[in-house]
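In: build me a structure from this.
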Amino acid sequence: MEMFRRFLISTYLPKKAVMLRFEHPNKTIGYVLLLTAFSLLPALLFMIPTIVSGYQNAVQHIETPSTAVYLEDFKLYEKEKRNVSSSSFTLDSTITTEEISSAPPLYGIGLLKDGVFLAIKGQVQVYSYELLGWNSLSKENLLHHLKDIKNTLFIFIPLSVFLLFCLTAGLKFIQITLFAVIGLYASRFTKRILTFKQAWVLSAYSITPMTVLFMVMDLLSYSAPYSTSLYLVGVLFAYVFILSRLPIKKEKRTSLNA
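Out: From the prediction side, this is the model:
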């Protein structure tokens, strides 16, 4: 209930969020970790079905008698160009992993000219055939390797979720610390009463509104242009608004005795 109360205050009552500056940083760290896990729920809802359905589509398509694919010298070839692209699976022997990295899909997996790719929230992980040891493979051997991968999905999916959580949480803590430093220096110029610990706590709570907004956008599968800049500007606006509610230092007056 306490976590939920702080979530409501930082999201809907930014004027009262300034009162949270007195809490212990350990509580704030716990809040940020919980908020990070909460914000990743849409990604997990798309990621897990994408990996599973993409794998199934890959096997089913390659098993089709009309599909003639093979690997030679770590390159994928098709006897007849029948490039496949769906919401979860891509098979294209003309596109490289470098090209897919420059214009990635939001979610999906696929076999490309020189490697395999996995896209999660627009972030692409690529694995070259050379790295996988897939030098020269017939269609049957390629299917055999893909079916062997099925046993590793039970390890790969939880590991991907954990790494995604660690990466997202790490980036949030870096952002929070940078904004805290900015807030501390800004408080000195504006003569606000603020310590670094308090600046860090308030910075942590200022990320809540934009985190919720981007979580909703992920649920709707909408990717805004310049999303990183939009996120940082939104957090900065919320942080400045919270800092503006801080009390101002009172100047000490010295009385002169005649």
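
In: for this protein, which segments count as helices?
Out: 2-12, 14-17, 25-39, 41-63, 97-102, 129-132, 139-149, 153-189, 196-206, 208-219, 227-243 (DSSP state H).

In: reformat those as TSV; add mean neighbour count.
Out: Placement of C-beta: from N, CA and C, glycine included. As requested, the helices of the chain are arranged in TSV below (neighbours: other Cβ atoms under 10 Å):
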stretch	mean neighbour count
helix 2-12	15
helix 14-17	17
helix 25-39	16
helix 41-63	17
helix 97-102	15
helix 129-132	15
helix 139-149	13
helix 153-189	15
helix 196-206	23
helix 208-219	17
helix 227-243	16
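
In: which one of these lies nearest to residue 111?
Out: helix 41-63 (6.8 Å; Cβ to Cβ).

In: can you pull the contacts of the most centrally placed residue in the chain?
Out: By Cα atoms, centre = their mean, the chain has its centre lying nearest to residue 168, at 5.3 Å. Shown in contact with residue 168 (Cβ atoms under 8 Å, 6 or more residues apart in numbering): 36, 39, 40.

In: got any ranges where the chain has weak pLDDT?
Out: Scanning the chain for pLDDT under 70 picks out the ranges 1, 80-87, 251-258.

In: try 90 this time
Out: 1-25, 40-74, 77-97, 99-112, 116-164, 186-194, 215-228, 242-258 (pLDDT under 90).

In: will you turn the helices of the chain into a markdown table that also has distance to residue 91?
Out: Output for the helices of the chain, formatted as a markdown table (distance: least, Cβ to Cβ, whole Å):
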| stretch | distance to residue 91 |
| --- | --- |
| helix 2-12 | 43 |
| helix 14-17 | 49 |
| helix 25-39 | 32 |
| helix 41-63 | 6 |
| helix 97-102 | 12 |
| helix 129-132 | 14 |
| helix 139-149 | 11 |
| helix 153-189 | 19 |
| helix 196-206 | 44 |
| helix 208-219 | 26 |
| helix 227-243 | 29 |
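
In: out of those, which gets nearest to residue 121?
Out: helix 41-63 (5.1 Å).

In: what packs against the closest one?
Out: Here helix 41-63 touches strand 89-91, strand 107-111, strand 115-120, helix 139-149, helix 153-189, helix 208-219, going by 3 or more Cβ pairs under 8 Å, 6 or more residues apart in numbering; DSSP states H and E.

In: what's it in contact with?
Out: 67, 69, 84, 86-89, 91, 106-111, 118, 120-121, 139, 142-143, 146-147, 149-150, 153, 156-157, 160-161, 164, 215, 218-219, 221.

In: mind running it again at 7 Å?
Out: Identification of contacts with helix 41-63 by Cβ atoms under 7 Å, 6 or more residues apart in numbering yields 67, 69, 84, 86, 88-89, 91, 107-109, 111, 120-121, 139, 142-143, 146-147, 150, 153, 157, 161, 164, 215, 218-219.
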